[in-house]
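Colleague: Return atomic coordinates for the entry below.
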Amino acid sequence: MIGHQAQKLEELVASSAHKKSKKTRFVAITSGKGGVGKSTISSNLAYVLSQSGLNVGIFDADIGLANLDVMFNVKIKKNILHVLKGEAKVADILIPITRNLILIPGESGDEILKYSDMALFERFMEEAQVLDKLDVMIIDTGAGIGEHIQMFLNAADDVIVVTVPDPAAITDAYATIKTIASLRSDISVIMNQVKNEKEATAVFNKIKKVALANIGDNLDLKLIGKINNDLKVSSAVKQRALFSRTNPSSQPHRDIVAIANNIAKKLERDVLVTPSESGLTGLFKRLMEHF
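Modeller: Here you go, the predicted model:
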């Protein structure tokens, strides 16, 4: 059934190939364990990218622990699962956060793919084109290495693992990197809650040394950035606010900007492509290719 569905999806995407869109870069952010600041980083990174003039979507793909509504201090009534069930339109579930930033409330993995009714899926794919102008989509996955999370990591252009300089978190981050390495060789790391650049680099180099020794030289593991430990971050989270918005002069904000700049360098700006590479249409096409 899944194979048939994927074939029909390919045909549907091909049939709309005359419509031109931007190519969306999909950036999946994950972690080995919870509590390392993954969603805080995802939300602030999406905000900073949108403030630079990029059209940004952020997709909450954390099963059972979706919390981006808390990060952005908004209320969610329906999510992407309601669209696939035919209970809502794509436009109904989108939540504008800023002028260039859209939150896409979602359920992820096999829960989504249970809805294989092609009539519903075709309507969904047509409606999803409302997001085909996105430059980048941040996918905030759940923590750990479950099958549904691996699906999103497989589909993304960039995968970023978030960890903190804590022995348990580092162990979990390494286990996550090892699992991701069976899917792809290019993996980025963000060191969160560090004292400074020196600590971030030192901890990352330890992780990389062990990873290269046990996973192999083909692994392309990079430190994409760090975020300093700062009470302003935890204070903003408690207030349901983005620290990049409330504390734009803080070091953590400057750190997020540096990470955003690294991601922006990879974007293919103003390139016209088919909808198969853009927005939700492109994301779901990629997800279906792994079934």
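Colleague: In space, what's closest to Leu183 - neighbours in sequence excluded?
Modeller: Ranked by CB to CB, 6 or more residues apart in numbering and with sequence neighbours excluded, the top spatial neighbour of Leu183 is Asn154, at 5.2 Å. For the C-beta atoms, the positions are set from N, CA and C on the backbone; glycine is no exception.
Colleague: The one you found is in contact with Arg184, isn't it?
Modeller: Yes - with contact defined as CB atoms under 8 Å, Asn154 counts as touching Arg184 (7.2 Å).
Colleague: If you count neighbours, what's buried in the helix of greatest length in the chain?
Modeller: Criterion DSSP state H: the longest helix present in the chain is helix 197-215. Across helix 197-215, burial judged by 16 or more other CB atoms under 10 Å covers 199-200, 203-204, 207-208, 211, 215.
Colleague: Closest to Gln51 out of those residues?
Modeller: Checking the buried residues of helix 197-215 against Gln51 with CB to CB, the nearest one is Ala200 at 23.9 Å.
Colleague: What score does the closest one have for pLDDT?
Modeller: What the model reports as pLDDT for Ala200 is 98.
Colleague: how far away is it from Pro105?
Modeller: With the distance defined as CB to CB, to the nearest Å, Ala200 ends up 32 Å from Pro105.
Colleague: one step back: and the residue nearest to Leu183, which helix or strand is it part of?
Modeller: If you go by DSSP states H and E, Asn154 is part of helix 147-155.
Colleague: ditto for Ser43
Modeller: Using DSSP H and E, Ser43 sits in helix 38-51.
Colleague: CA atoms only for that helix - export them in PDB, please.
Modeller: Coordinates of each C-alpha in helix 38-51 appear next as PDB, following Å, rounded to 0.1, in the frame of the first residue of the first chain:
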ATOM      1  CA  LYS A  38      16.700  21.400  21.300                       C
ATOM      2  CA  SER A  39      13.300  23.100  21.000                       C
ATOM      3  CA  THR A  40      14.600  26.400  22.400                       C
ATOM      4  CA  ILE A  41      17.300  26.400  19.800                       C
ATOM      5  CA  SER A  42      14.900  25.400  17.000                       C
ATOM      6  CA  SER A  43      12.500  28.200  17.800                       C
ATOM      7  CA  ASN A  44      15.100  30.900  18.200                       C
ATOM      8  CA  LEU A  45      17.000  29.700  15.100                       C
ATOM      9  CA  ALA A  46      13.800  29.900  13.100                       C
ATOM     10  CA  TYR A  47      13.100  33.400  14.400                       C
ATOM     11  CA  VAL A  48      16.600  34.700  13.600                       C
ATOM     12  CA  LEU A  49      16.500  33.200  10.100                       C
ATOM     13  CA  SER A  50      13.100  34.900   9.500                       C
ATOM     14  CA  GLN A  51      14.500  38.200  10.700                       C
END
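Colleague: who does that helix touch, helix- and strand-wise?
Modeller: strand 25-31, strand 56-61, helix 68-72, strand 95-98, strand 101-105, strand 136-143, helix 243-246, helix 251-264 (3 or more CB pairs under 8 Å, 6 or more residues apart in numbering; DSSP states H and E).
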